[in-house]
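predicted model and sequence follow; I will ask about them next.
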Amino acid sequence: MKEIPIYKPSLAGNEKKYVTECLETAWISAKGRFVGEFESKFARYVGIDHATTVCNGTVALHLALVALGIGPGDEVIVPTFTYIAPVNAIVYTGATPVFADSDAKTWQIDPNEVKRKITGRTKAIMAVHLYGHPCDMDGLVAIARENRIFLVEDCAEGFGSLYKGRHVGCFGDISCFSFYGNKTITTGEGGMVVTNDQTLFERTLHFKGQGLAKYRQYWHDVVGYNYRMTNVCAAIGLAQLERADELIAKKIEIAGWYDRQLKDSFFVRHDPVGDVRHTYWMYSVLVPKLSMRDPVRLRLESAGIETRPTFYPVHTMPMYSAKYEKHRIAEDIGWRGINLPSYPDLTPEEVDYICENLKKAI
Ligand SMILES: Cc1ncc(COP(=O)(O)O)c(C=O)c1O
């Protein structure tokens, strides 16, 4: 039987060569040539002034919020339909996550919902570009400006995605990426914080490096963190970045194969909406009825095809559900969605096989 995982990274470039260099030169911690090179080339690729590596995407989000001075008493508006990390990062700072519903077509945070949730305590909006589709950045930037609040972008699933021709990550005050093994480019575990704001960048570096003062060795003037990335991870990241265009093009091509197979089926696709480049971090579909999702997934599993459910809305989880408020779209997508295998080395035959089994399951 075929075994098709949901994801596996493609490491066919200079990854091995660069990691070997780290081992041979003994530069294996957070110093070494690959860290700086990965940061500067990443910033250039995305089109932003500053980038700093961190050890994963969750701490990238925490660091960004800390740099913005967000803390107890503040509210941050976040989509309820999201991976848990951005919500956790808000809670780590002592701030309160305020959940907003999503747009039914893009599956991203709905700017109208954001407007409804703004209070005197709102300090920031967290835009999470889910599954590779950009959020409505015109809408979110306008709300942030009008209300003089910060905009943070979580681009963990949106590396390479474009909104009106610009990379996601360039619209907010500060933005974050993840390079976990299933991300479009990976470092194994890793992340990046990017910004065009010099002050925010300096604050990010300060908190990332244990709050070390600039003017005296081993003197710390804030409570900081060790969120550094190793040179070994950065070596993998640089090799991946060299292949970014190729990996993104491949993912878009694979989405085209899925689209062709599923265009006349009962499945609802997650198509691009507006002037965007959707990079299909995960190619995802909705089943026609909620009750079909798990049987369809089981059917695929028995054919050796790994799938994932879309994210359950965070406001329904035990930590938050005591203050339950209906979020209709998030609850619908969260319970009807399936992520399909989406790694760059998938073949057309494998996509045919997956779609055949999907159609049979319905
Ligand atoms: C939207 C989103 N934000 C943040 C993260 C956290 O990244 P990491 O796993 O690198 O901590 C992830 C996923 O892994 C994610 O999907």
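Received it, and whenever you're ready, just let me know what you need.

all contacts plus neighbour counts: C-alpha atoms, from now on.
Noted.

which positions in the chain make contact with the ligand?
Taking Cα under 6 Å from any ligand atom as the contact definition, the chain meets the ligand at 56-58, 83, 85-86, 128, 154, 156-157, 178-180, 189-191.

please tell me how far the residue in the stretch 151-300 of the chain positioned nearest to the ligand sits from residue 24.
Using Cα to the nearest ligand atom, residue 178 is the residue of the stretch 151-300 of the chain that sits closest to the ligand, at 4.3 Å. Computed as Cα to Cα, to the nearest Å, the residue 178 to residue 24 distance reads 27 Å.

swap in residue 308?
39 Å.

now do the residue nearest the centre of the chain, the pLDDT please.
The centroid of the chain falls nearest to residue 156 when counting by Cα atoms, centre = their mean (1.9 Å). Residue 156 carries a pLDDT score of 98 in this model.

doesn't it fall inside a strand?
No. Read with DSSP: H, G, I helix; E, B strand; the rest coil, residue 156 is coil and lies in no strand.

thinking it is in contact with residue 182, fair?
No. Contact criterion Cα atoms under 8 Å: residue 156 and residue 182 do not qualify, at 10.3 Å.

what's the spacing between residue 163 and residue 136?
As judged by Cα to Cα, residue 163 and residue 136 stand 8 Å apart.

residue 72 contacts residue 94, correct?
Yes. Contact criterion Cα under 8 Å: residue 72 and residue 94 qualify, at 4.4 Å.

mind listing what residue 63 touches?
204, 207-208 (Cα atoms under 8 Å, 6 or more residues apart in numbering).

in helices, which of the residues you listed fall?
Assigned to helices by DSSP state H, the following of the contacts of residue 63 qualify: 204, 207-208.

returning to what we had before: okay, residue 178 and residue 24: which has more neighbours?
Shown here are residue 178 and residue 24; by other Cα atoms under 10 Å, residue 178 has more neighbours (32 against 10).

helix, strand or coil for residue 70?
Here residue 70 takes the coil state, with states given by three-state DSSP.

that one: how many residues sit nearby?
21.

contact partners for it?
Counted by Cα under 8 Å, 6+ apart, residue 70 has contacts 93, 95, 123.

would you check how far apart it and residue 123 are?
Residue 70 is 7 Å from residue 123, by Cα to Cα.

what residues are bridge-paired with the nearest residue to residue 195 once chain neighbours are set aside?
Sequence neighbours aside, residue 174 is the residue nearest to residue 195 in space, at 4.7 Å (criterion: Cα to Cα, 6 or more residues apart in numbering). Here residue 174 sits in beta bridges with residue 152, going by DSSP bridges.

now do residue 174, the pLDDT please.
So residue 174 comes in at 98 (pLDDT).

hmm, what's the outermost residue in this structure?
Distance to centre of the chain, Cα atoms, centre = their mean, peaks at residue 216 (36.7 Å).

could you measure from it over to residue 225?
According to Cα to Cα, residue 216 and residue 225 sit 18 Å apart.

and residue 26, by the same measure?
Note on residue 26: its distance to residue 225, by Cα to Cα, is 24 Å.

okay, the two: which has more neighbours?
Neighbour count, other Cα under 10 Å: between residue 26 and residue 225, residue 225 has more, with 15 against 12.

tell me who's in contact with that one.
Applying Cα under 8 Å, 6+ apart, one finds that residue 225 lies in contact with 207-211.

hey, where'd the strands end up in the protein?
Per DSSP state E, the chain carries strands over the ranges 50-54, 75-79, 96-100, 122-128, 150-154, 162-163, 166-167, 174-178, 191-195, 268-269, 276-277, 283-286, 308-309, 337-340.

so for residue 220, which of the ones you listed sits nearest?
Set against residue 220 and scored by Cα to Cα, the strands of the chain come closest in strand 50-54, at 19.4 Å.

which strands border the closest one, and is each parallel or antiparallel?
In the sheet, strand 50-54 lines up with strand 191-195 (antiparallel) (DSSP bridges).

before we move on, back to that, isn't the residue nearest to residue 195 up against residue 64?
Yes. Between residue 174 and residue 64 there is a contact under Cα under 8 Å: 6.4 Å.

overlap in contacts of these two?
When contacts are counted by Cα under 8 Å, 6+ apart, the set common to residue 174 and residue 64 consists of 152, 193.

right, and residue 223 touches residue 211 too?
Yes. With contacts counted by Cα under 8 Å, residue 223 reaches residue 211, the gap being 5.7 Å.

more neighbours: which of the two?
Neighbour count, other Cα under 10 Å: between residue 223 and residue 211, residue 211 has more, with 20 against 11.

count of neighbours near the closest residue to that one other than its chain neighbours?
Nearest residue to residue 211 in three dimensions, chain neighbours excluded: residue 224, at 4.1 Å (Cα to Cα, 6+ apart). Residue 224: 18 surrounding residues under other Cα under 10 Å.

residues contacting residue 224?
By Cα under 8 Å, 6+ apart, the contact list for residue 224 reads 206-212.

check residue 135 too.
106, 108-109, 127-129.

quick one: low-confidence parts of the chain?
Within the chain, the stretches with pLDDT under 70 are 1.

repeat that with 90
1-2, 323-324, 362 (pLDDT under 90).

do I have it right that residue 55 meets residue 229?
Yes. Between residue 55 and residue 229 there is a contact under Cα under 8 Å: 4.5 Å.

joint contacts of the two?
Common neighbours of residue 55 and residue 229 (Cα under 8 Å, 6+ apart) are 190-191.

okay, those two: which has more neighbours?
residue 55 (25 against 22).

ok, the closest residue to residue 158 other than its chain neighbours - contacts?
Distances taken as Cα to Cα, 6+ apart put residue 132 closest to residue 158, at 4.3 Å, once the chain neighbours are dropped. Contact analysis of residue 132 by Cα under 8 Å, 6+ apart lists 157-159, 161, 278-282.
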